[in-house]
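Q: Quick one: sequence plus predicted model below, questions after.
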Amino acid sequence: MADSTNLPISYLWDELLKVSIFFQRPVIQRQFVTVVITTLLAWAISRWIWFQLRQRYPQLNIDENCNQRLEWKQYSLALIHYLSTPTVILGAVSIVTLLFEQGGWFAGYLTDSLNIIGSFWFYRLFVGSLFTFLPIPFVKRVRLLFLGPLFCIYAICRILSWFFNLRELAQVNVLNLFGEPILLKSLFISILGLYFWNIGVFLFENLLLTIFQNQGFQNSRIRQVVSLLLRYFLIGLGTVIIFGYVGVSPTAVAAISGGLSVGLGFGLKEVISNFVSGIWLLFEGALKPGDIIKINGDISKVMRLGVRATTVQVVKDNSEEIIPNQIFFTQNVSTLTGSNNLVFLSLVVGADYDCSPPKVIEVLLSVAHDHPQVLETPPPSAFALNFGDSSIDYELKFCIADPLMFKVVTSELICAVWQAFTDHGIEIPYPQRDLRIRSDSLKLSSTP
Amino acid sequence: MLSVSLLFITACSSLLRIQPETNQTESLQGQILLWVELPSTGTESQVGSIQQVVQSNLEDFNKLYPHVKVFVEKFPFRQIQAPLKDQIQRGAGPDLLSVRANPELIDVIKSGLLRTVDETDFEASQFRTEALKNIRYQGKTYGLPLFLTTQVLCYNKTKVETLPNTLAEIIQQARQGYSVGLMSGFLETYWGVGSFGGTSVENQNKVNVQQWRAWSRWLQWLKEAQNEPNFILSDDNAALRQAFLNGQLAYLGCRSDWLPDFSRILDKETLGVTLLPGQPNQPASPIIETGIIAFSQASSAKQHQLALRLAQFLTNIEQQKRIEAAIPFIPSNKLVTINPQLFPIRATLQEQSKNALAISLDEMEQTEAVVERGNSLYQKVLAGELSPNMAETEIKATVRQAFGLEE
């Protein structure tokens, strides 16, 4: 953003030199060394105390990967654990500050440090309180990606404000891009703004999915479509707002995009094609997570639908395959779970000619009915297929709900049929051959 | 992390310094921070001229001490005390500061944030007595006097034919159509007290009756004068200044620190400066203020040494002349002589300051209560709500209470 009060980059160096004046003063060196040593000592003491407590009371150990909410006792322990370090540090630095003030020494930065440590205490209290209603891994993720960085930036800004005029610092012109000055403020807001916006959108998406699940919204395709589109919409919106706020010139954007459009057209053709295919797939609903499909000759389970690619799990070796979305538009893909999940299977078996076909059919049907994974609707059926060389061939047709279980169910049914035939005295004959020896050939052999 | 980085930079800057030379002047090295309080008007042009003067002074200083880097930060008038306290309490802030001696400065002194100076470190005898009053507090010295400011009568040469020497003459001229503008307020108008026989502020252990009798008579004069045509008594200083610059006022009672601005805008043929009108043998006695250079308690011994050297440099005769030539302040160094033929405005300022009244740092806190009460009484008298005699009685009571004096 063009501003008449823009400051040159040399301002930064001058300010640093100015601050170096302060650090040549013993009164400041004394304060900072005291804060650092006191904090480290207090931190070490609090860790030692907590370690001793855990040794003595093993029940204090909390499984941090547990995806359950904490009981109130565990919550209290977690809170104590979270607050013990900042409390000890706060106490130690308070005592040191008091001693400095009593001794008539300069203690302004010690007081400032107390404010930041106090803020840290409240930050830890807030994070600790999240454990009461959110799962531990989620809180840890929120802390690592969002709250932690946010607090760090707050603390850094507070510390910088002790030495620099942040309003002026924000106006430093870092570089000129296409004739437009890029200020430190713009750089700061762009980088951090985009980071926190994206993380915020990610957490919001997670929250939304959790709410959907809790509300019993079972249609995973709709969930995925809503969350995915919302994510990309919010990211796009945030990017536009942030760049608009920092004053990225539309002319510069037009120049950049115009110049790069040809290159982008060639270089990112596949990416854009996949992106459009992904959006299309989501809207069309041809695929959804959990679908069983046959692609490249393998049966696979759809794990995740992305805007660029779809992740499937290959059933035969349990590997995951990332398939670009445009593949689904250029190749034939069979789905076993398109309009429903039912899979029709059949089993062919031969029975002795001596056995009555109706009896064999009855046995086969009873075997199918007895299997828990064979669906009653549509009902299993059995047919006599043909008179074979050694046996009459029968076919048992049945239906299962889980396509991935077809091998298991088929195997179990074969075993059950064998057992049932044995029980009912039905023989599964071997192929039979009648040998006829011609008399003229005997005669020839006996003639001298 | 930041602290560690800065300690690293500090260490590096120490290592990169040029090796000390044999000459003591050149062996001084390091960086110091100077805070400058801008004058009361603080217009852009005035800030510019102050900046030029400071820059020029520092360039001269750098010629003598090439390895000393002085950083300068400027603050608007009366807006330096809060950040000063805030910063020095941390151990940060300036190594030396150019600031007006005022009650707020006493607050900083009492907090133990300013460093005392040994008068053997500089030649105190070279400074004016009024200036020295404003660097000493309760027997200790807290800086070096840099400049003095007071009030004078500015006039428009193109409008005025004969300069008024007395109050009666200026009223006469107002009646003749020459517009006169005076700043209103207790301290702003205090300059007239001397013309009615006032001598000085409180001394010994008794209320100075003569002084406050003179103030009462001066109030009576002002009360009558404000009804004269072309006589304007206003507390809107900015409007008065602008009216004078626009040529709407023939006379303006002005502060000496307004003159740089006036000199820049009005040419030599227009701007004239003369003594404030008094009575025969009873000259006007404006308040004189002192700009001082004070030192931070937080500085290291080496930084203080550099700061003291800079202060001594700025108050030497040569630099005082240079400051005074660029912006018409009254030099604190009494050895600075001014040729009235060459520099009539500066000579007038010098002359006016001889009858001026200085309020010492020791008296400043008590005086503050008197000024507050005086302002209230002043407004009431001019509004006709209180007689000058009653105002005299009340101000004497206030003075007695503030200074703990006898009847």
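A: Structure's in. What do you need? Not measured: the values here are computed from a predicted model. Numbering: from 1, shown residues only, chains lettered A, B, ... in the order given.
Q: Spit out the contact partners of residue A:396.
A: By C-beta atoms under 8 Å, 6 or more residues apart in numbering or on different chains, the residues touching residue A:396 are A:346-349, A:364-365, A:367-368, A:380-382, A:413, A:417. C-beta here means a position set from N, CA and C on the backbone, and glycine is covered the same way.
Q: want to try a markdown table for those residues, with neighbour count and pLDDT as columns?
A: Below are the contacts of residue A:396 laid out as a markdown table (neighbours: other C-beta atoms under 10 Å in any protein chain shown; pLDDT from 0 to 100):
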| residue | neighbour count | pLDDT |
| --- | --- | --- |
| A:346 | 13 | 89 |
| A:347 | 20 | 90 |
| A:348 | 10 | 91 |
| A:349 | 21 | 91 |
| A:364 | 29 | 92 |
| A:365 | 16 | 92 |
| A:367 | 25 | 92 |
| A:368 | 24 | 92 |
| A:380 | 22 | 92 |
| A:381 | 15 | 92 |
| A:382 | 23 | 92 |
| A:413 | 23 | 92 |
| A:417 | 22 | 92 |
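Q: which one of those is nearest residue A:391?
A: Proximity of the contacts of residue A:396 to residue A:391 (C-beta to C-beta) peaks at residue A:349, which lies at 8.6 Å.
Q: Just checking: what are the partner strands of the host helix or strand of that closest one?
A: Secondary structure assignment for residue A:349, by DSSP states H and E: strand A:343-351. Paired strands of strand A:343-351, with direction, are strand A:392-400 (antiparallel) (DSSP bridges).
Q: Could you export the partner strand as CSV, CA atoms only?
A: Presented in CSV, the C-alpha positions along strand A:392-400 are these (Å, rounded to 0.1, in the frame of the first residue of the first chain):
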residue,chain,number,x,y,z
ILE,A,392,-25.9,-83.4,-12.0
ASP,A,393,-24.6,-79.9,-11.7
TYR,A,394,-26.4,-77.5,-9.3
GLU,A,395,-25.9,-73.7,-8.8
LEU,A,396,-26.5,-71.9,-5.5
LYS,A,397,-27.1,-68.2,-6.0
PHE,A,398,-27.0,-65.9,-3.0
CYS,A,399,-26.5,-62.3,-2.1
ILE,A,400,-24.2,-60.6,0.5
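Q: if we can go back for a sec, out of the contacts of residue A:396, which comes closest to chain B?
A: For the contacts of residue A:396, the closest approach to chain B (C-beta to the nearest C-beta) belongs to residue A:413, at 69.1 Å.
Q: can you list the weak-confidence ranges in chain A?
A: Scanning chain A for pLDDT under 70 picks out A:1-4, A:59-72, A:216-221, A:249-250, A:252, A:264, A:432-434, A:439-448.
Q: which bits of it sit near chain B?
A: A:14, A:16-29, A:31-32, A:36, A:104, A:106-109, A:112, A:156, A:159-160, A:162-163 (C-beta under 8 Å from any C-beta of the partner chain).
Q: same thing but at 10 Å, please
A: Selection of chain A residues close to chain B by C-beta under 10 Å from any C-beta of the partner chain yields A:13-33, A:35-36, A:104-112, A:156, A:159-160, A:162-165.
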